[in-house]
Each structure stands twice: as structure tokens, then as C-alpha cells.
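Participant: Requesting a structural model of the entry that follows:
(chains A, B and C)
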Amino acid sequence: MSAPAKKKIEDQPKLHGILGEFRNPKALYDIAALTVKSGYSKFDTYSPFPIHGMDKAMNLKKSKLGWIVIIHGLIGFTGAISMMYYMSVMDYPMNISGKPFFNAPAWVPITFELTVLLSAFGAVFGMFFLNGLPKLNNPLFNVDRFKKATDDGFFICIEAEDSLFETEKVKELFKEAGATHIEEVYD
Amino acid sequence: MSKYDYVPEPALVKGNHDFASLTRLVTDINLRPTPKGWYLAMIGANSLLAILGIAVGYLIWEGTGVWGLNNPVGWGWAIINFVWWVGIGHAGTLISAVLFLFRQDWRTAINRFAEAMTIFAVMCAGVFPAIHVGRIWVIYWVFPVPNQMDMWPNFNSPLLWDVFAVSTYFTVSFLFWYVGLVPDLATIRDRATDKIRKYAYGIFSLGWTGSNRHWWNYEKAYMILAGLATPLVLSVHTIVSFDFAVSLIPGWHTTIFPPYFVAGAIFSGFAMVLTLMIVARKIYGMKDIMTDDHMEKMNIVIMVTGSMVGFAYMMEFFVAWYSGVEYEKAIFLLRATGPYAWAYWAMMTCNVLSPQFFWFKKLRRSVVFTFFISIVVNIGMWFERMVITVTSLANDYLPSSWDYYSPTIWDVLTYVGTFGLFFTMFLLFLRFLPMIALAEVKMVIPQADPHNYDENQDYKAPKVEIPTPKAVEA
Amino acid sequence: MSEVKQNTYWKSLNELAKNQEYQKFVDREFPENATELSDGFSRRGFLAIMGSAVLLASCDFARRPVQKILPYSKQPEDIVPGIPLFYASSIPFQGSLTGLVVENHEGRPTKVEGNEMHPASHGGTSIFHQASVLGMYDPDRSKKVLRKGTDSTVNDFVDFAKKHFADTNKRIAFISEASSSPTLLGLKAQALNKFNNADWVTYEPFGESNALEGTERAFGQRVRAHFDFSKANVFVSLDDDVLNGTHPNSVEYGKQLSAARKVTSNADSMNRIYAVENGYTLTGSYADHRLRLKASEIDAFAHALAAALSSRVSGLSAFSGYSNQFSDHKWIATLADDLIANRGESVVSVGNNHSANAHAVVAAINKALGNDGSTVNYLEVPHLDEESTSAFNSTVDKMNNGEYDTVVMLGTNPVFSAQNRNFKNALSNVEEVIHLSDYVDETSKKASWHINSAFYLESWGDGHSYGGVRSVIQPQIQPLYNGLSNIEVMNIIVNGAMTPGYDLVQSTWKNIYGSNFESRWATLLHDGVDTNSGFTKANVRLSGSFSPDTSKDNAISGMEITVRADSTLHDGRFANIAWLQELPDPMTKITWDNVAAMSPATAAELDVENEDVVEITSNGQTIKIAAWIQPGHADNSISLTVGYGREGIGRVANRYIDYTTGGVDTYPLMGSELSAEATVSKTGDTYEIACVQDHHSLEGRDMYRMATLEEYKSNPDYASFESVHTYPVPGMKEAAEKGEDVPISLFDEQTYPDSEPQWGMAIDLNSCFGCGVCVIACQSENNIPVIGKKEVNRGREMHWIRTDRYYVGEDADAPMTAHQPVPCMHCEAAPCEQVCPVAATTHSPDGMNQMTYNRCIGTRYCANNCPYKVRRFNFFNFPKEFLTTGAEPDIIQMAMNPEVTVRFRGVMEKCTYCVQRVNRAKIEAKKETGSPKPAEGAVKTACQQACPADAIYFGDLTNENSEVAKMKRNERNYQMLEELNTRPRTSYMAKLRNPNPALA
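Facilitator: Sure, this is the predicted structure:
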């Protein structure tokens, strides 16, 4: 409580949200479900590993990543074929072992590889994009305890932007859910 | 007792670890001050790396002639080593991707490790195609980049397929590896006390918070990557095998190569993982995570793939005989009886005979024996590539041009040097990156599953029921 | 004045900046002959001098004074840069001339071809002719006149000669290598009647002395037997390797023998060749029957043959009733029958270095068989009068007795080649020794005057062909090192003045021609041969006193050695020509070394294997040399060749102990007779031999197809894939159903049906006798580097065309030999092309498999995937090493063909079908006819043109009547590895043998 209190005196820092810590995955699971039930939408839970079923508890929508990957894959596929077609049929056709310029069987491997490559790019960078990463400064990092989130801490944070957000109500909610620790997070 | 013995899946993590202890177990290695031994090892690795530098430098200065190549035998150790390293580079992605798709949770103990090995092995492999060409300074012509001649590469050439396959494989493996690393880097970031580490890990962990909204996309991405990497792994060695299979040299020109190369690759890859794992887990006390059960599972894979390879060897002979092509018949007889018979039989012993010992559970679980076999297997796989590459070229169609190939000191030094590259990279990895996929391991211990908690959120370990099968009543 | 003329070489202002080496290079690149002017100083020349005066300061005046030359800044009429000019000339070898046409680029000869009009060539050449280009540009040639080892000049020599030879009572010995030059003969006559105490002797270590002595014994006349194989159905060679380049008439004989074996349909007939010999010679490998006998048994064999004939033909009465160990040998009866059956249409010959007696017997046999006048012509050869071993011996004796105070040697090297006479010592008893030679060789080092000789391409000369036809040696370039020709030297000695060879030769021919000299001279220079000339045929009859010397019929019982001229270095005079050193020996396929060749049985007896060093002692001399197992060699007989183991000759010839190259000097073992008794023992050491072929068996494979003439008649398409394998080429049956003539394919291939011409090659294995001239011709035409023994030993030879040599047949002791030239096959579906990642090798519309050097990155994948293994990789910067060694690398660079790029390290190269020639022809054709389709015969590849057997056909396949098209239609035509469906454009005509049923 002391650190943020000091902050208040110095400059009026903007409240980011309320962070609650819980004992274990199960507890986090329950509070997540509870939070949803209480109507909050702008919140997130933090754990050192993905918790089984948490998506339902937080009622997360299906990830859009699949589409991104498919699009990239298609780009890779058509890109490969059109590259090879341009290079060895249109731009500079050459008689190689008497083979036809459009030598489809020989193009399979490269087409495949480029499709996979582009899809992989889609998957990785798409994921980071959807997660808004990289994001090197995060208000949560101001909270010392939050370091445990990557070790053995299970946190939930309801953000101030949430329409239903009221500091005391949220704290109350967490306390009743059995939070081991509750803290205000400032930008 | 019934003859059906129900063996419960052994716990993946031995000892009673909680999340925090696991974190410490893994990340302390990266946080504690560098041990002297590491420096010593690094000196060794670097001196080998220096040898690589010298060997390659001399090669570029003098020309390909410093190697033992001659007129019929245009490919020698360089290509042998290339294929060998690429093969080793297979286990990593295979362990992560394929086993992930098959929900083999035991992979979590070794996948990080294996992926790292993959990436470094592919780096070593990549050295050879680059330097084995006569004019290294124009190697970039193999890429479809505009050049002064206004020419494009020849997409009919298996070598070009190789260029794409290997570079794709490297890139995707690397991304896969990095994606897996991000949460663990975050862990180290949060445990780090000194500024440099805070910064370095901070940057590379991209501000990962462990948000479950992120985990949601993350797991999706990971699954898709695994789905992509699996066919990729199989394709890479398939395409490497095309370098030989698509040519018309007897002993190369055969359709059995793709599966046979892939099997061989997995074979040697797992062997290499074992070699490294056995050493590492001893030094870093990871026995709890990299358990003997893991070792046994991998030994079974080795045994199976080893037998597949052995089958392929037999098949080659059958096909040669069955094809009725005199040159095919001749080359296989020459392999077994000709000037390179010594290499052929070395290959047979190491690859076909040695893995058969793993039929015995005792040997499967013996650390020392496994370590020994894992090395034998990789020697054998090197000889396999040697037999394939050299013998076919040395004794092909026209007896007049037959000639014997033997390497020079520079062939040997270049090969030895790549170990320098490999171990340098590996030591850096062990020192600065979490060698175990921490988040994933945490995920597979029982505490991670909300179902193992009672209504007032207290942990109760899941108990394994052993059902007595009805089959054997009376 | 000379300084000023020096500068007339100036090309352009830029070169003012260039250093002196470059200046020298420029000098040599545009020698006077390029643009000789008949008048004195032309206006242009004068302008040039004025214009180039600026250069005076910058250049060196070391080079010879120069006559008229034009600056290249002005275009002379007859030279178009890049367009070669061709001049007729002739090359002297062992006293006989062979007509040549020399290709000149900007005034420097770069390639020699045979002169179609010259009877000793008919367009063909030998390896020595082809390699002579490199011989001239050899930077190690002697560049100076040496007086007692210190630098001197021609003028000094002239002054010396004036004084020294003023005294006509000087006791002088003239020792000359064989020369048929009328001019030299004239000077010789002058010399002999000017100097009262002068002797003239001709010395050739492997000359015709015995042959002449033999005919003298038989006919009482020293005459040369000149064969006409075109009329001969049967040729019995008693160890006479007429096909080997070391024979002075090998080209003409090669042409005739192979022509008599040309078979285009199964109605044709072939001559039949028998060879009896100890070593495996080219002639032996070409023969239909070969009998391996010790060289020391040849006399006895000849006697037995004569005896067998004596009862059936008149003139051999001397042998009637005679018999020896061979008399009831199967061969004798068979040969006798065959010779009788072909009276007047047969040739019996015996090797030059065999005994005079053997030659006498053979002469008698030929006479008796009535071959004289038809297949054998006995010619009176004036210039051979002094070629006599005995005369040489007595000269040496007189030298030893100090009966000479001056010895003049023209071009021969007896200190090296007459070690058995201990010529070295003999010389030390002579006060003035004058020696003219190309190199500062063993003899020069002993001479008080060494004069560097001018190469035949640098100097005027003349002479007769082996058959007697006269021609002129026309220089192509001014002497690179101011050398003198033998006639110029003789003239200095006789007339005490330096007269240009041109004037000497002209004056001789003025005498020969007499009336309307100018026009006839012009014709002579143009044609290069005076066709209506020749030696007078001798009217020989067997002298009544003729009786064979049968004393030696009991051959050497123990181990015998024979010392012969080397197939690639002859007597050692070519030892510094790298092309020849690296040319694989036609039979052993060994490069850079000589060996002791022996039969497998003998090797087993001596308990040696290849590369084991043996110690050979004979005539009290001992050498150590590597053993080599030569299948088909006679037992208890060892063949040695000379010319190796040189010291202080040149970078190529010298033997380097450190990396053990250069071979062994075997002259010490050369006795007065060919074969000598020897003791041989294994030393236990080994010596590395660079042999380009490790495997000598065909492994029952079908790349070389062979049948007897009889089999051919009964089964004309014996060479087809189907008759070899009993099943058709895979994919052909299906193709036939679809009405296609090539095996079915996954693709519809790129073909160029309307693109003309389409190039193709056919190689007639029935003609090829494996001499290897195609290899040298290719090397000369295509700037193929020499890589040295070490690299050859590592299997990196660069030759674009190679002659594979296989031993075939059941009898491992006496196998038959298969010679097979293998250039690039130019496959229509070339396996090399598809595997190149950067498309550096592609296919041209006229059907050539092309190599783009500057695109190649050197993956070597193409070479791996070539089933014929014809691709060659530059593992190092071979051309650089070859072309930039020594003080004056620019000289050897002049031997390069400017129409062909020199390949860089790390790129692949291979036979191009001489694309530069093809394109030149296409351009010409296009200029004349408008279509790029050259007329038949307009383009010849280097190998084809050089081949003395006309074994190689090349041309336009779209031209139905082209020779090559005809050959391709012939039933003997087959493709190597046809089943791979690579569709080679180079195909082979299967070999035919004409064995005698009686010997089967």
C-alpha cells in the first residue's frame, strides 16, 4: 500500500486497475468465472502457464489466428508458383535437359516450403500481433509482486476502464473470493 | 496376479516439486554466476571453432582442391557432413512438433533442449553447402535475387530445393523455439536482479505477462506451428535425399531414399539428443525432469527407427536385384565387397546391430550403455552418408573413370571445426537460456490442473486406480 | 636503328604506362611476319616510327633487331583482329617432313593442323606435331648463345667462326640429327669439300641405321622401305609400331591402315594385321592377332617365317631346310598361308631398332612375296647415307683418340642419348665443341659454343617427307629468342657470314626449280608441298651373297630388357613440353613418368606390384625404376622407355626428388642392340605413378561393343542395344506403339525440329588406334591447362577428351585392347543440366550442351550426375599456375587460343564440340548463304581434324548427306548407355576385328 500512496503525493498517477493474487490455478479459475458473472469485461488473469479451461472461465472468443495463417499460407503458395513461373517461363526461359519450361513436378518442393514458411510467419507474428506484443512497458510491471506471475503467482486484474469499475467493489469481490493479496495498479 | 500388468504412466516430474521449486531448478542456472567449468568448456569449443575458421579460410584462399575430391567423386566429406548434421537437426523439431500433436507430455522435459540442438545442428549443416562450391563469393546466385547476369536459379535442381528446404527449416525451427522461449525469458526477466539481465531478458521476452488472453492465442499459435513443423521436418530430409534420388547415379537413383533418410535422421537426431541430455542432466542436476523414463522412451524410438533403417538397407539390395539393372547390382555388391567395404560394414554394425540391444529393458534404462550407443549410432549414421555419397560416385557407369576417394587433413579439420561451432552455440544456450521449457513443464505437473483441487480450492493429488481386468477371472 | 624499330611495336598511348614485361608481350604478339612488307621502309612504317618515338625512354632494347613491321594502331590489310590466318608449313621429325597448316592469330601461331595436300599428313597429325606449338612457346627454351657457359651473341659466334674455320685443315666432325633438307645437304657438301679433314655423321638414337644396313645386306643398297598399306590386305608387324607417333611416318601409315579397315556396310572387307612383339604397342593393340614374344626372339621368328615361305616362293632359298624353335609354331604356318594368299598385297615389317639381320630377312621376304613395287617401295634416300651407327661409333672413337679438334653438333643430344658410347668423355678430348639446340641440354653444357636454335615455326627450312615429297618449312613468327636454324649455322661455319635462312632456302630451290621460279615458289609456299617430287624408287634384287645370320636364334634365356623411344617424349627431345608429359601413355595410361613394364607373370616372379621400385642391371649399368604390370607383355621381358630423369633442362622435364616427378633416365641401359640380358631385383621402395585409369576391365559392360567381321556379316546390327542385351531399350516398346522414336517420357521435351543445323558426332571405334592426338589437339585448341603429376595422381586430369583403354578377352596374359575416345556426349536430355542450381549449363537450339563458365558456382553436381564422367573441374586456379610460372609467363600465354576463354578456379568445364569453330563456320555461312547452316565439312572439331585415323565424324545431322548423318544411320552406330535415355549426340561405331579362322 505504501508505494502507490507515495505516488499519489508526487503526481496524481492514473489508476490502471486492481490486481488480486490468488493461491492456485483453481482459485484463479473460480475468480475468473466469478468476475465474468459479475459483468466485468475489461479484465485479465495472469499465470505462469496456460490454465486448462481458463478460456471458458473468462469466456474468450475463438482466436482469429487461424485465418491469419491461412491467408499467409495462400500468399506463400501463390507467391512461390508465380515467382517460378515468372522466372523460368516468362522472364528467362532456358532449355534445361530438354524439359518443359513449366516443369510442374520439379516445382513442388519449393512451393511446399514457401507455403510452410509464410504460414509459420503468419502464426508467429500473427500471435504477437493479436497479443499486442512486444509491449515492453506495462503498468503491471510497476507492481513488485507481479513478478511472481511468471513463477508461481496467479493474478487477476480488473481494469479501471471497465464501465462497472469501482475500486472498493472490486477489492470486495477479490477479498470474498479469497485473494491472498489485493493492490491498486497505477500507470 | 494377472498376466495383465497395468502400468500407470509414471509421473513426468520426479521428486515433489511445486511451481516455485521448478522455477528455481531451471532458472537458477542462468542467474547464478558463471561456473569455471563452463569457461573451460567454452575455451575448448572456441578453439575447435577457430579450427573451423582456419580450415574454411584456407579453403577459400586456395580452392576446393585442398579437399580430397577428384574427378568421379565430386562430393566428399562436405556433403557427408551436411547430410549428417541436417539429420541430427531432425530430433528437435520432431520431438516438439510431432510429439506435441500426439499429446506426448513427456516431450516437455527435452523439447527446448532438442530444439536448440536442432537449430545449432542446422547451422553446422548450413556451413557445408555454402563452402563446398568452387566460387564461394557468388554463392548468392542460388537465391532468386536479381544479379548482373539477369539470370534466375534453375528450379529443376534438387540443390535449389535444398536451399529452400533447409533455410525454411531453420527459420521455422528457430521461430518455434523462440515462441516457446518467450514465457521462460519473462520468468528470468522477473527473477533477474542485475540491470543487464533485466534489460536483455526484458527485451527478448517482449513484455510477456502471462496473461491468459495471450496464452489463449499463444497456445493456438503453438499448435499451428507444430502442425506446420511436422510435415516440414519430414519434407526437409526428403528433399535432402532428392539430391541423390533425383540423379541417375547407381545407388543414388532410388525411390526408397526419402523415407529411409527421414528414418535415419530421426534415428541420429534422437541419439544426439540423448548424448547431450545425459551429460547435461548430470552436470545441471536435472534428473528430476529429464528422467530415466524419458531416456527409455527415446531409446525405443531409436530402436524402431534403427530397425527401419536396417530394413531400408536390405530393401536397397532387393530393389537393386529386382530392378535387373546391372549397374545397380554392381554398385551394391561393390559397397559390401569393394574398396569401401570397411565403411559399409562399419555402418551396418553401428546402425543395424547396435540399436537392437534396446530390446532389453535393462539396457534401455542403463545410462552408460545408452550414452555409448547414442554415440555409436551417430558414428554409424556418418558412415551411412559416406557410403551413399562416395561409393556411388567412385564406381559408377564407366569403369575407366573409377577412382578412389580419400579425404585430406582439411576435410577432417573442417568437420571437427563444426563441432566447435555446435558446442559454442550449445554452451551459450545452456548458460543464458532456460534449457527446459519451464512453462510447459509446470503445465504438466498435477498441481497445474484445476481439476486436482477440491471445492475449497485445496490441492489433492490425483490417485491412479489400477483396474483388475475381468478377462482373467478364474 | 634497332632501337627505333623496337618502338614500332607500340600499339596505343595507354600502353606507355605498361611495364616492360607487358612491353615484351606486346612485342611478341605482333611479330614482323604478321605484316611483312616486301619493300624497304614503307610510309606507314615511317609514320609509326615517328609517332612512337615517345616510347624510346620507356622500353627495353634487349630483343633482337627488327625488320619491317607496322604499328597496330594502323590496320594492315591481311590481318583482321580475331580472324585467324592459315599458312602452310611443315614440321621436321627424325629427318622427315610432315605438311602442316598453321593457324595464326594476330601473327602468332596457336595451332597446327595437317596439310590435306601433303602425302605424309593427308590432314592428320601426330601428338608431336600438335604439341610443337607449346614447344615453341616454352619459356625454358635456350634464349642465348653461350660461349663456355657465359652469355654471348650471334655476332660473336660469327666472328669466332670466321677465324676458327678459316683453317680448312681443321679436323672437324659434324654430327647432325637426321635431316632431309636439300639446303643442309648442299651446305654439307660445301663443308666436306672445303674442310679436308672433316667427317659428317648423322645420329638419331632411334634412327633407321639398322634398317638401312639390313637392306644393304639383302639388296646391296641402302634403301628405305616405304610401305603402302592402302594396297595391303595383310600386314605382319614384327615389333614395328608404325602407328606410334615416334615413327617418322606414323600419320601416313595410320591413315592408310585405318582406311583399309573402314567398313560402312557388311559387304566391305578389312585388312588383317598381325603383330609379334614383346611390349604392348599401339600397332599391337590395333592388330587382329597379337603374339607376345621376347624382342630377342624376333630374329628367330623372322627366320622361321622365311623358312616356312622358302618352299613356296622363290628368293628365299637361303632359308630352305632351316628350322628353329618357332618352325612348328602355329603362327608361322598361318602367317605363311596368309602371306602366300596375299602375294604382292601384303607387308612384312620389323621395328627400326631391331637388328640389321632381321631387316635383311624381312626385306628378302617382302621381295620374295612380290610386295616390292606394290605395297613396299624401296627408296633411295640420299640424306641417309651418313646415318649409320657404326659411322657414329667410329667418330666417337676418333674423338676419344683426340683426332678431332672441332665437333659441330646440329640439334642432336648425344651426351644424353649416347651414354652407352660415353659420348660425354669423348667430347672432353675435343677443344672446340659447337652445339645447336633448343635447350641448354646435357650436350650444350659440355659444349664450348651453345647456339640456341630457332624452332621450325620460327625459321626457314626445307626437306623431304618420309616418302620423298619435297616441301618448305615456312616460319610463322620471328624467332622469339633470336635462335638460328641449322642451315644458318652451317652457312656461318662454311661461309663465315650470317645469311638469313630465307635466302639460303630460296637459293636451293632456285637450283631445284630453275625456270619460272617465282611462280612455282609462290605455289610451293601456298600449297606447302611440291607434289610432283619424291625419292627415286630403287630397283632392288636379292643379292646372291645374302645369307641370314642365324647365330642369335637362341634368344636371351634369362630376363631381357628393351629400351625404346617413349610414346610421348620420343628420345627426350620433347621432355619439356608439358602437354606431352601429361598425355597418358596410350597403353599404360601413365603420365609424367616412365616405368619398367612387365607381364603379370614376370611381376609375380619378381614378386613386385605396380609402383614397386626394381633395380635393373644390364651392361654393367644399374638403374632404379618403378615396375608396372602390363597385361599382354611378353614374359621374362621388360620394356623401358627413355627421355625421362632429366636435370637442368626445364621446369617440366627436370626430375624433382622432393615430389618425385620426372621419371628415370634409362639411357644408361641402352646397349648396341635392342634387347639385352639384365638382372632385375626388387628394392622394397615404392615410387608413386600417376596413372589416369585405375580400372582396366569393362566389367562385362557394353560401352565398348565389338564383333568379328564374320559375325558382322551374319548379324549386321550386332551393336544394337537389343542384340547386346536381348531386350529393347526400356520405354522403346511403348514409344513404338505411340509411333515415337525415343523412349517414352514423363514430359513433352523441348525439341527444335526446325532449328538447323543440329550438331552431332560419331566415333568409329574400328578406326581409332588410341594414339591420343585428339587429346593434345583438344588441349591446344581449347586452352586446357596442365596440372602436374601431383594433381593427376589425385584424379583431377583436365583433358576434355580422353581415350579410355580397356583390356578385353578371356586370356588375362594376352588380352585384346579396346581404345575408346570419350568427349562430352552432348546429351539431348542432359543429366548435368537439370541438377545445376544456377542454370550454368544449358542446351542450345543446335543441340549442344553448353557450359556457361562465368555463371558456374562450382557445386560439381553436374559432374556427379554425368554418367560419362566427362566434366572437368578447376579444383585450383590451374590456368594461372600453368600460364604465369617462370620469368616470362607472357611467352607461354601466347600459345593460348584467343577464341577460347581461360577458365577460372572453381568452375566446371568440358568438351564444347569446339563451339568457337562451329560459330565461326555459322557466321561465315550466314554471310555467304544467309542461313547459318554451314556446308558439309566446313566445320571440323580439333580432335576430328587431328585424327590420323579419321575416326571422328562431326557435322550437321539435319544434312542427310553429311558424313556424320550417314554414320549415324549405319547399323554399327550405337549410343553409350542408351538405356539411360540421355540421348547422346555423340555416338560410337562398334569395333570390328578380322581374325584369321586358322588362329581362332
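Participant: from here on, contacts and neighbour counts on C-alpha atoms
Facilitator: Noted.
Participant: now B:N16, what's its secondary structure?
Facilitator: Of the three states, B:N16 takes coil under DSSP: H, G, I helix; E, B strand; the rest coil.
Participant: so what's residue 100 up against?
Facilitator: Here I'm looking at chain A. Residues near A:P100 by CA atoms under 8 Å, 6 or more residues apart in numbering or on different chains: C:747-750.
Participant: was after chain C, sorry
Facilitator: Neighbouring residues of C:L100 by CA under 8 Å, 6+ apart: C:88-91, C:112-115, C:118, C:121, C:123, C:528.
Participant: And C:G214, by the same measure?
Facilitator: Neighbours of C:G214 in contact, by CA under 8 Å, 6+ apart: C:222, C:355-361, C:363.
Participant: doesn't C:R646 make contact with C:A653?
Facilitator: Yes - at 5.9 Å, C:A653 and C:R646 qualify as touching, with contact defined as CA atoms under 8 Å.
Participant: Need the overlap of contacts for these two.
Facilitator: With contacts taken as CA under 8 Å, 6+ apart, the residues that reach both C:A653 and C:R646 are C:G662.
Participant: how about the strands in chain A?
Facilitator: A:15-22, A:43-46, A:154-159, A:181-186 (DSSP state E).
Participant: Out of those, flag the one nearest B:F19.
Facilitator: Closest to B:F19 of those, according to CA to CA: strand A:154-159, at 11.2 Å.
Participant: Please see if that closest one touches chain B.
Facilitator: No - judged by CA under 8 Å from any CA of the partner chain, strand A:154-159 stays clear of chain B, getting no closer than 9.0 Å.
Participant: Parallel or antiparallel, which strands does that strand pair with?
Facilitator: Using DSSP bridges, strand A:154-159 pairs in its sheet with strand A:15-22 (antiparallel), strand A:43-46 (antiparallel).
Participant: Between strand A:181-186 and it, find me the angle.
Facilitator: For strand A:154-159 against strand A:181-186, the angle by axes from the mean of the first three to the mean of the last three CA atoms, to 10 degrees is 40 degrees.
Participant: Return the distance of strand A:154-159 from the chain's centre.
Facilitator: On the basis of CA atoms, centre = their mean, to the nearest Å, strand A:154-159 sits 15 Å off its chain's mean C-alpha point.
Participant: average model confidence for it?
Facilitator: Average pLDDT, strand A:154-159: 88.
Participant: what's the answer for stretch B:124-136, then?
Facilitator: Stretch B:124-136 shows a mean pLDDT of 92.
Participant: which residues sit against the helix or strand bottoming out on mean pLDDT in chain B?
Facilitator: Least confident helix or strand, chain B: helix B:90-93 with a mean of 82, by mean pLDDT, DSSP states H and E. Outside helix B:90-93, the residues that touch it by CA under 8 Å, 6+ apart are B:111-118, B:173, B:229-230, B:233, B:265-266, B:268-270, B:273.
Participant: Now go through those residues and say which are in helices.
Facilitator: If you go by DSSP state H, the contacts of helix B:90-93 have B:111-118, B:173, B:229-230, B:233, B:265-266, B:268-270, B:273 in helices.
Participant: Generate a PyMOL selection restricted to the buried subset of those residues.
Facilitator: To isolate the buried subset of the ones in helices among the contacts of helix B:90-93 in PyMOL, counting by 16 or more other CA atoms under 10 Å in any protein chain shown, use the following:
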select buried, chain B and resi 111+112+113+114+115+116+117+118+173+229+230+233+265+266+268+269+270+273
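Participant: now, which of the ones in helices among the contacts of helix B:90-93 lie close to chain A?
Facilitator: Residues of the ones in helices among the contacts of helix B:90-93 in contact with chain A (CA under 8 Å from any CA): none.
Participant: ok, back up a step: neighbour-wise, which of C:A653 and C:R646 wins?
Facilitator: Legend: neighbour count by other CA atoms under 10 Å in any protein chain shown for C:A653 and C:R646, higher for C:A653 (27 against 22).
Participant: show me what contacts that one?
Facilitator: The contact partners of C:A653, taken as CA under 8 Å, 6+ apart, are C:575-577, C:644-647, C:662.
Participant: Look up the pLDDT of it for me, please.
Facilitator: Turning to C:A653, the model gives it a pLDDT of 85.
Participant: How about the one 10 residues further on?
Facilitator: According to the prediction, C:G663 has pLDDT 87.
Participant: Look up phi and psi at it.
Facilitator: With angles defined as degrees, to the nearest 10, C:G663 sits at phi 70, psi -160.
Participant: Verify the stated contact: C:H129 with C:S121.
Facilitator: No - if you go by CA under 8 Å, C:H129 and C:S121 don't touch, sitting 10.5 Å apart.
Participant: ok, and the helix or strand in chain A with the lowest average confidence?
Facilitator: Lowest by mean pLDDT, DSSP H and E among the helices and strands of chain A is helix A:2-10, with a mean of 49.
Participant: Can you give me the neighbour number for the closest residue to C:T334 other than its chain neighbours?
Facilitator: Among residues not flanking C:T334 along the chain, C:A998 sits closest, at 6.5 Å (CA to CA, 6 or more residues apart in numbering or on different chains). For C:A998, the tally of surrounding residues (other CA under 10 Å) stands at 12.
Participant: cool, C:D503 as well?
Facilitator: Residues lying near C:D503 (other CA under 10 Å) number 12.
Participant: Equivalent analysis for B:I188, please.
Facilitator: B:I188 - counted by other CA under 10 Å - has 28 other residues nearby.
Participant: So C:A131 sits against C:A575, correct?
Facilitator: No - judged on CA under 8 Å, C:A131 makes no contact with C:A575 at a distance of 11.2 Å.
Participant: Among those two, which residue is more densely surrounded?
Facilitator: C:A575 (28 against 22).
Participant: Compute the first-to-last residue distance for stretch A:58-71.
Facilitator: For stretch A:58-71, the first-to-last residue distance is 28 Å (CA to CA, to the nearest Å).
Participant: Next, the buried residues of it.
Facilitator: Buried residues in stretch A:58-71 (16+ other CA under 10 Å): A:58, A:63, A:65-66, A:68-70.
Participant: can you put the residues you listed in JSON lines and add distance to B:G76 and pLDDT?
Facilitator: Below are the buried residues of stretch A:58-71 laid out as JSON lines (distance: CA to CA, whole Å; pLDDT from 0 to 100):
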{"residue": "A:M58", "distance to B:G76": "59", "pLDDT": "84"}
{"residue": "A:S63", "distance to B:G76": "50", "pLDDT": "83"}
{"residue": "A:L65", "distance to B:G76": "45", "pLDDT": "89"}
{"residue": "A:G66", "distance to B:G76": "44", "pLDDT": "90"}
{"residue": "A:I68", "distance to B:G76": "44", "pLDDT": "92"}
{"residue": "A:V69", "distance to B:G76": "40", "pLDDT": "93"}
{"residue": "A:I70", "distance to B:G76": "41", "pLDDT": "94"}
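Participant: Okay then, goodbye and thanks.
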